[in-house]
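Student: Make a model of this:
(4 chains)
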There are 4 protein chains.
Amino acid sequence: MALPKRHEPKRHEPKRREPERHDPLPLPPPPDIVRAAYAELVVTDLAESRRFWVDLLGFVVTRADPGVLYLRGYDELIHHNLILRQGAAAAAARLAFRVRTAADLGRAEAFYAALGARTARVPADATPGVREAVRTEDPLGFTVEFFFAAQYAERLQQRYDLRRGAEPARLDHFNIVVPDVRAAYEYYRSLGFGLSETIEDGDTLYAAWMFRKQTVHDVAFTGGDGPRLHHLGFFAHESHQVLRICDILGSLHEEFLIERGPGRHGVSNAFYVYLRDPDGHRVEIYTSDYFTGDPDHPVLRWSVRDPRRRDFWGHPVIPSWYTEASTVLDLDGRPRPLVPEQQPAEVKVGADGFIP
Amino acid sequence: MALPKRHEPKRHEPKRREPERHDPLPLPPPPDIVRAAYAELVVTDLAESRRFWVDLLGFVVTRADPGVLYLRGYDELIHHNLILRQGAAAAAARLAFRVRTAADLGRAEAFYAALGARTARVPADATPGVREAVRTEDPLGFTVEFFFAAQYAERLQQRYDLRRGAEPARLDHFNIVVPDVRAAYEYYRSLGFGLSETIEDGDTLYAAWMFRKQTVHDVAFTGGDGPRLHHLGFFAHESHQVLRICDILGSLHEEFLIERGPGRHGVSNAFYVYLRDPDGHRVEIYTSDYFTGDPDHPVLRWSVRDPRRRDFWGHPVIPSWYTEASTVLDLDGRPRPLVPEQQPAEVKVGADGFIP
Amino acid sequence: MALPKRHEPKRHEPKRREPERHDPLPLPPPPDIVRAAYAELVVTDLAESRRFWVDLLGFVVTRADPGVLYLRGYDELIHHNLILRQGAAAAAARLAFRVRTAADLGRAEAFYAALGARTARVPADATPGVREAVRTEDPLGFTVEFFFAAQYAERLQQRYDLRRGAEPARLDHFNIVVPDVRAAYEYYRSLGFGLSETIEDGDTLYAAWMFRKQTVHDVAFTGGDGPRLHHLGFFAHESHQVLRICDILGSLHEEFLIERGPGRHGVSNAFYVYLRDPDGHRVEIYTSDYFTGDPDHPVLRWSVRDPRRRDFWGHPVIPSWYTEASTVLDLDGRPRPLVPEQQPAEVKVGADGFIP
Amino acid sequence: MALPKRHEPKRHEPKRREPERHDPLPLPPPPDIVRAAYAELVVTDLAESRRFWVDLLGFVVTRADPGVLYLRGYDELIHHNLILRQGAAAAAARLAFRVRTAADLGRAEAFYAALGARTARVPADATPGVREAVRTEDPLGFTVEFFFAAQYAERLQQRYDLRRGAEPARLDHFNIVVPDVRAAYEYYRSLGFGLSETIEDGDTLYAAWMFRKQTVHDVAFTGGDGPRLHHLGFFAHESHQVLRICDILGSLHEEFLIERGPGRHGVSNAFYVYLRDPDGHRVEIYTSDYFTGDPDHPVLRWSVRDPRRRDFWGHPVIPSWYTEASTVLDLDGRPRPLVPEQQPAEVKVGADGFIP
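Tutor: Numbers count the residues shown, from 1 in each chain, chains lettered A, B, ... in the order given. Down below sits the predicted model:
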């Protein structure tokens, strides 16, 4: 009954640099992005969504208007990390980054114009709490917003009396599904993002984690039919907060909302759980990654054959995690058509629904 | 993409009493059992086993003789909770309970004689650290030992400087595979064990948890071909200790030794992980159950259809957890033949190896 | 600037037995006590007390009558662990133990009659949730109640959705201030309590911890002018729950209610914090002690000169912790007069309010 | 016995800007500092120090030369966070910051030349693991080093099998004692540091926390006779790691090395403990502060009269924490003379050694 050992050591390559590509025409400078700041999700039953995100998960309501909620984490100082908007069909309407200066809005317009991407100026306070902004349909097919000035909310980190659920602190990252992970990497590299970790095999890049703030990522790419939003990742401070939200969902017999985990990621080292909201939007509670702020932060490359890459404890990933994701909307609020995955799937899901 | 809700509420039945059976002939009084005290496992490579149980899991070595190790947890005051003995084939040699007085040894002999079970007196110190003992081949087919007097070892609870791994505190329980769970329940009831929780459906009893000490169990029954040892459960004080041993195994690329979990049990409420030792013996690290010492402690009955019974977060149980278990030895050290399961399987494992 | 080392090793004496005293006349058998079950506190502003015990600390309200609240912890199955009764002056009205059988009520009456102590039968449901009971003014001056039958409440351990504050699980122990610790020890020994730990020096017994259930204590003695109630100790499952209640009190700028800790006890090994309720009643949140259910459980004796005995991290104890305690009431609800401490104080508190 | 409430609400002032000072002559641009990177401490018994920092606290030894050790945390990728050098008298030899580019070394030279501060170029590898560097005697009297290129070590975050003690992850900050906190603030502002929190009262600035990386601080100022090093702060990921090192020190009867805490800071929100190494150098283990990377991150100003500013749970600070600190050395390795505190002491320590 002795168990055989499997050895697929992960490769630490602290000094390898990314190969320089020859760009045909130089792009104008990109906006100086500070961090992933907020997302807007369309939900089909706002009362149900409020119960999930606020009452159970523990988000703070900054503002509630008819048909729309503005939520933030306990450490957050900007107005919101998440907008939930009532709509006919569930979708991810946009992903928003904060930029360093007001001048970066103009840089964003010029940058995307040079890429041939459609852009739009959004007047101040069109979104409550957010001043003037620029939106674009980015080359990957996502509606992305850039804003500088924001209305500050009270940072509630030390209001432990108000905390509930997973005690989400702040938005940490966007994980997006893209048909071509290498193309997504190249595009975000052109935006000035650093690369922290990858899953790869030979020439195939299966997944990549990229950052502006000094953590493992502000954005990550999962290969698949895209563009779709894979999940929103929110930071919590300690692992017991991740366990607590699972216990709460079990208590309410809503354990089916726990899709995957809790567990330890190989990539990022984070302790995690993935939940699904009432519309199926996926949310990760995430803690214990690491500082990436040093110049020339080295890339950690995982082999796609290392069973610890997605779960450091070697547990298989449930198929839905690879196959299901949220529809994304264009600048006009219409669903984006899907482009089929352009590369081998990271994991083949069999007819029986399980991963061989 | 909205997810349907499943509602299978667990049944709290605090006041229901177990039905009284009419025993044809009264048995002599059973020994007054205090608690599950230790187990002896036969292992095929003692050096490998020492590495797993001592270096990784964190057990304390009370004594090391050629071919045999005596281990205990950090809170323990008796000589050992686990004996590892080098042998040709992996097996569970015996399960030992401590009794309240020296006179209980004679009671054990009389009780098992009345049951027609073979017994043997073991002279003092035949097992280091254990004085005189009585062993029997119990009606379920397990070799069980009863002892009263023991050599005390230093309780190392406050030697935090020595702690490693999962910081196991003490043996908590034996989980055994039996072909007829109701028969096992009846037998342990005759030994004076209390019933804390069950998994059942109509007339079928799929699993039961029974106790002498004031916790959820000293022994539990899993339905299957038996007699076999399902696992040894060791208590740890906090959930982060359960997470730590998983992280350590991932670090060493021995994550394949993590069979199931970490997770929260529905039954017992314990936070758990199941590991497999180098011979495949299963060990549980277990924390946060509850006090059962009140008179007429009520039974908590779970429906076999409640997906939270085995994992409060609703995750399916890996098939090996239901099907694999350790061979047990008779009083002469020979493997016990298996009796096929006498009741419906709790979970049907399909040809593809997965649970429908 | 090098710091000198102080070495006062604690004394583990696993085999020493307590000296047998020669009792002049044999007492009738004492009631078979199961555990510390509940206490009744008189509070001067029930709304303020409810806010502290329920809204902040997290107790569950089993029943609320005009002027009186019945509270329990999340793991508890009896009706209450704490009664809060509105009154003119703060006091501890009684301490209640659960006994093993109905017949133990009669045993209690006979036992205390033989001691010359005044007793009273309390009819069923005079206290909601508690059937017939016996109360006495015990030889130490405390009003103590014994009951067997109780109304069971729903055990809410797995209602994580309801948990708040420190998530108290159950009453763990009473700590009482007595002028003569050795006399208190002798009395509780006659009631069948086991001794787990002491603080002593030569012939002086400064403090002792005694148990019926299989934990470090159901009752402990602190030397001082008595009888007074030092504190009620409630069990929580993990240390982060102890930290959380402190964070909550800091958030509300009620940090002055945190009297001592959090810290690790030397005695008992428990991770602890002491809070003061709005009337100054002291409550401990307590986790991670150990199993004491084995026969002949050895006594751990701490030297009064070991700075780790009260705080394993060596922090001095705030003077109020030694000097302040709750008045106790007699069977008629009148405050008991104080007897001055009969032994040297464990710690001398100077005129400046600090411990030399 | 009711306790009075004290209300000194902290002041959140998210929009207040620091007043702009009129600098007489413009300084050249400062070096672009990335973060606090390492410190060098002189210790009097390197074997004792190794036991404390490596065996107990859990630091990783990157390199050991005769008379000198190079240590790092588990998340760290540069060669070291701490140099321990054997010497005749305990002292802090230097504090080192990493800069963003090689060109920042020249900027540092020009910047300090303009300030009239003595500087020195240090050739590559004069310090193992550090390439070329610039050192200066800064205007506050500290020897500070700037380096860009460093030898990378293996990041051991996922070697849980190697972790010990407090599992320190990385250097977080320097806390320095300065006679004039406002002057220190002005100087670090000129270096481009952001201000996260203060302790103040009217015009008096008692303490300030300033950052380059996206956390609460890389450097903080404590008022007192200076220049001296108050402490080195190291980041850990979870609070149970802070508790563990205290338990270990208690186990070894070295609890006297725990000077203050564990506790929750008001300022920074961090869960902390302060230890003293065998030479009295103070070290903080620190977890759970917050992200400060947004543009115009607001300043949180604490009143010196809020008892939660230093300990969110209101516990008084032990006097030694305010009065004791490490001597610092000049560029030639000679102790710097002390300048008396130029402002009111934050806390007056009475003749009896206690804080009124």
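
Student: need the residues of chain A near chain D, please.
Tutor: Within reach of chain D by Cβ under 8 Å from any Cβ of the partner chain, chain A has these residues: A:12, A:14-15, A:34-35, A:75, A:77-78, A:98, A:100-101, A:148, A:152, A:154-155, A:157-158, A:169-170, A:213-214, A:237-239, A:266, A:269, A:287-288, A:290-291, A:293-295, A:297-298, A:300, A:312. Just so you know, the C-beta spots here come from the backbone N, C-alpha and C atoms, and that holds for glycine as well.

Student: Low-confidence stretches in the stretch 251-356 of chain A?
Tutor: For the stretch 251-356 of chain A, the stretches with pLDDT under 70 are A:349-356.

Student: residue boundaries of the helices in the stretch 151-300 of chain A?
Tutor: Secondary structure of the stretch 151-300 of chain A (DSSP state H, counting those that start in this stretch): helices located at A:181-190, A:239-251.

Student: Could you identify which of those helices is most buried?
Tutor: The highest mean neighbour count among the helices of the stretch 151-300 of chain A, using mean count of other Cβ atoms under 10 Å in any protein chain shown, belongs to helix A:239-251: a mean of 24.

Student: Does it reach chain C?
Tutor: Yes. Helix A:239-251 is in contact with chain C by Cβ under 8 Å from any Cβ, via A:His240, A:Arg244, A:Asp247, A:Ile248, A:Gly250, A:Ser251.

Student: Would you mind listing the outside residues contacting that helix?
Tutor: A:56-58, A:165-167, A:236, A:255, A:257-258, A:261-262, A:271-273, A:275, A:285, A:287-288, B:239-240, B:243, B:264, B:266, B:271, B:308, B:312-314, C:158-162, C:238, C:240, D:238 (Cβ atoms under 8 Å, 6 or more residues apart in numbering or on different chains).

Student: Mark which of these are buried, thanks.
Tutor: A:56-58, A:165-167, A:236, A:255, A:257-258, A:261-262, A:271-273, A:275, A:285, A:287-288, B:239-240, B:243, B:264, B:266, B:271, B:308, B:312-314, C:158, C:160-161, C:238, C:240, D:238 (16 or more other Cβ atoms under 10 Å in any protein chain shown).

Student: just checking, which of those residues belong to strands?
Tutor: A:Ile258, A:Gly261, A:Pro262, A:Phe271, A:Tyr272, A:Val273, A:Leu275, A:Ile285, A:Thr287, B:Arg264, B:Phe271 (DSSP state E).

Student: For A:Phe147, see how far away A:His80 is.
Tutor: 11 Å (Cβ to Cβ, to the nearest Å).

Student: What of A:Asp332?
Tutor: Relative to A:Phe147, A:Asp332 is positioned 20 Å away (Cβ to Cβ).

Student: which of those two has more neighbours?
Tutor: A:Phe147 (26 against 9; other Cβ atoms under 10 Å in any protein chain shown).

Student: Contacts only, for the more buried one.
Tutor: A:Phe147 sits in contact with A:Ala37, A:Ala96, A:Phe97, A:Arg98, A:Val99, A:Leu105, A:Val130, A:Arg131, A:Glu132, A:Ala133, A:Val134, where contact means Cβ under 8 Å, 6+ apart.

Student: ok, the fourth one - how many residues close by?
Tutor: Which is A:Arg98. 26.

Student: got a list of what it touches?
Tutor: Contacts of A:Arg98 (Cβ under 8 Å, 6+ apart): A:Ile33, A:Val34, A:Arg35, A:Ala37, A:Ile78, A:Phe146, A:Phe147, A:Phe148, A:Ala150, D:Asp294, D:Pro295.

Student: 10 Å instead?
Tutor: A:Arg98 sits next to A:31, A:33-38, A:78, A:104, A:130, A:133, A:145-150, A:212-213, D:293-295 when contact means Cβ atoms under 10 Å, 6 or more residues apart in numbering or on different chains.

Student: Quick check on those: which are buried?
Tutor: A:31, A:33-38, A:78, A:104, A:130, A:133, A:145-150, A:212-213, D:293-295.

Student: Mark which of the residues you listed are part of helices, please.
Tutor: Secondary structure defined by DSSP state H assigns A:Asp104 of the buried ones among the contacts of A:Arg98 to helices.

Student: Sheet-wise, list the partners of the lengthiest strand in chain A with their directions.
Tutor: Ranked by residue count under DSSP E, the longest strand found in chain A is strand A:33-43. The pairing partners recorded for strand A:33-43 under DSSP bridges are strand A:82-86 (parallel), strand A:91-99 (antiparallel).

Student: what is the rounded mean pLDDT of that strand?
Tutor: Averaging pLDDT along strand A:33-43 gives 98.

Student: how big is the angle separating it from helix A:181-190?
Tutor: Here strand A:33-43 points in a direction 130 degrees away from that of helix A:181-190 (axes from the mean of the first three to the mean of the last three Cα atoms, to 10 degrees).

Student: quick check, whichever helix or strand comes after strand A:33-43 touching chain B?
Tutor: Moving toward the C-terminus from strand A:33-43, the first helix or strand encountered (DSSP states H and E) is helix A:46-50. Yes. Helix A:46-50 reaches chain B (Cβ under 10 Å from any Cβ of the partner chain) through A:Glu48.

Student: how far is the next helix or strand after helix A:46-50 from where the chain is centred?
Tutor: Remark: after helix A:46-50, the chain's next helix or strand is strand A:60-65, criterion DSSP H and E. Its chain's C-alpha centre and that of strand A:60-65 lie 22 Å apart, by Cα atoms, centre = their mean, to the nearest Å.

Student: repeat for stretch A:93-107
Tutor: 17 Å.

Student: Can you give me the end-to-end span of it?
Tutor: 23 Å (Cα to Cα, to the nearest Å).

Student: about what we covered before: show me the common contact partners of A:His80 and A:Phe147, please.
Tutor: A:Ala37, A:Tyr38, A:Ala96, A:Thr127, A:Gly129, A:Val130.

Student: quick one: which of those residues is nearest chain C?
Tutor: Nearest to chain C, judged by Cβ to the nearest Cβ, of the shared contacts of A:His80 and A:Phe147 is A:Gly129 at 24.2 Å.

Student: Perfect, that will be all.
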